[in-house]
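> One predicted model, sequence on top.
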Amino acid sequence: MKAAVDAVFDDAKVGGVVTDFVARIDAYSAANSVSAKLVQLTMPGVPDVYQGSEFWERSLTDPDNRRPVDFAARQAELAKLDAGTLPDTGTEASKLLVTSRALRLRRDRPELFQGYAPVTATGAAAGHLLAFSRGTDASSGALTLATRLPAGLEAAGGWRDTAVDLSTAMRDELTGAGYGPGRVSVAEVLGTYPVALLVPADGEKA
């Protein structure tokens, strides 16, 4: 079996097909990964994070928590984030940004995670946005915005006029940018990363 697999990867034509395919889906895969991670960390329930999985996790099975982890690399990247560095989208550090900011917000601001309410977008690409508030209604609490089906979104022309309504001024925990109150363009909110984690800008529940 090992010889058969090695033979396939030793074939330059097959290798080229695989390489081209990976290059074509890489950005979409990264968007899907951070979107799934933010939803998992902010949805109702207790989030579970395997140690070492703060970067990309490419295991074909559940990762083994007994495996060696390069904690120094993660600590160095986290220090950069805490110093104000915004990593490029799709990088290892961008997943660490999402993971660290979401977990810290749940730890430091539990009052923003007291309920659940779906948030509905309007516009041409509304179906590509997964959004919910962890407040008692759609206008309070931490607000998660995540991209779904990014390849189809791009093929259809992007976010275009898609928007969400914010009843209060909010700040993105990932970028520090502020939005609202009022109707806000999703293309603007998700202009840096395919996800956003919004909280009331004044530090109080809306």
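Arrived safely.
> Quick one: the helices in the protein, in order.
2-10, 12-42, 71-82, 92-108, 150-155, 186-189 (DSSP state H).
> got the contact list for the shortest one?
Spelled out, that is helix 186-189. 121, 123, 125, 129, 145, 158-160, 162-164, 172, 177, 179, 196, 198 (CB atoms under 8 Å, 6 or more residues apart in numbering). Bear in mind the C-beta positions are built from the backbone N, C-alpha and C, glycine included.
> The same query, at a cut-off of 10 Å, please.
Helix 186-189 has contacts (CB atoms under 10 Å, 6 or more residues apart in numbering) with 121-123, 125-126, 128-129, 131, 143, 145, 147, 158-164, 166, 170, 172, 175, 177, 179-180, 195-196, 198.
> Which of these fall within strands?
129, 131, 143, 145, 147, 163-164, 166, 170, 172, 179, 195-196, 198 (DSSP state E).
> re the thing from before, I'd like to know which of the contacts of helix 186-189 are buried.
Neighbour-count burial (16 or more other CB atoms under 10 Å) is assigned, among the contacts of helix 186-189, to 121, 123, 125-126, 128-129, 131, 143, 145, 147, 159, 162-164, 166, 170, 172, 175, 179-180, 195-196, 198.
> tell me the angle of the least confident helix or strand in the chain by mean pLDDT relative to helix 12-42?
Across the helices and strands of the chain, mean pLDDT, DSSP states H and E gives its lowest value to helix 2-10, namely a mean of 83. Angle between the axes of helix 2-10 and helix 12-42 is 100 degrees (criterion: axes from the mean of the first three to the mean of the last three CA atoms, to 10 degrees).
> buried residues in helix 2-10?
Within helix 2-10, no residue is scored as buried using 16+ other CB under 10 Å.
> and that helix, what other elements does it pack with?
Here helix 2-10 touches helix 12-42, going by 3 or more CB pairs under 10 Å, 6 or more residues apart in numbering; DSSP states H and E.
> Off-centre distance for the helix it packs on?
14 Å (CA atoms, centre = their mean, to the nearest Å).
> how close does R67 sit to E57?
Going from R67 to E57 by CB to CB, to the nearest Å gives 11 Å.
> Could you do K37 as well?
Applying CB to CB to K37 and E57 gives a distance of 10 Å.
> How is this protein divided into domains?
Following automatic domain parsing, one gets these domains for the chain: 2-108, 111-200.
> Now the weakest link among those, please, by mean pLDDT.
Ranked by mean pLDDT, those bottom out at domain 2-108, with a mean of 91.
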